[in-house]
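Participant: Predicted model follows, preceded by the sequence.
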Amino acid sequence: MDGLNVALVVHTPGHMLKTKWQVALYLDQRANPAQAEALGKIFSGQAGGHLANVAPLIGQVLGVTPAHIEYEVEDKRRRLRIGEIASAEIEAVTDGNGRASTIQDLPLCIAPGFPVVVSRSKRASFHDLGLHLEVTEKNGFYSPFRYQST
């Protein structure tokens, strides 16, 4: 499944730990049926691991949809596009020497054990499944991560 993309859109109208989440999962349309099923299980928490800890916070799954997902990395900038329904661009917040600012052990982070890069959204919009979100110029984070079976 290396090289396939997945996007998990989370909407929490309120405190993330006190409000049930609305989520939409977008699976790379290039995935074959077995890969799509495996990705769905991993990112829904059904396969165990870190995301199983997040699953109880979900109140409503709005949809699981195959999609054309583009993800780009350019220095300290990350871009995501999900077809025509969503786009996001974040850029690292840097210190006086141009180094990316990081945080370790951030709660609910997608990549436990990895430092996350503190970022600011340059653009972020989502319009699908009854949600219309614009969260430009808010905070964001990115991090390397690896999920693998044991």
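Facilitator: Sure, I can see it.

Participant: is it fair to say residue 37 lies in a strand?
Facilitator: No. Looking at residue 37 with DSSP: H, G, I helix; E, B strand; the rest coil, it is helix, so not inside a strand.

Participant: Tell me, how many residues neighbour it?
Facilitator: 12 (other CB atoms under 10 Å). For glycine as for every other residue, the C-beta is placed from the backbone atoms N, C-alpha and C.

Participant: and the lowest-mean-pLDDT helix or strand in the chain, which residues are buried?
Facilitator: When the helices and strands of the chain are scored by mean pLDDT, DSSP states H and E, helix 50-54 comes last with a mean of 82. Buried residues in helix 50-54, counting neighbours by 16 or more other CB atoms under 10 Å, are found at 50, 51, 54.

Participant: Using CSV, lay out the residues you listed together with distance to residue 91.
Facilitator: Output for the buried residues of helix 50-54, formatted as CSV (distance: CB to CB, whole Å):
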residue, distance to residue 91
50, 26
51, 26
54, 26
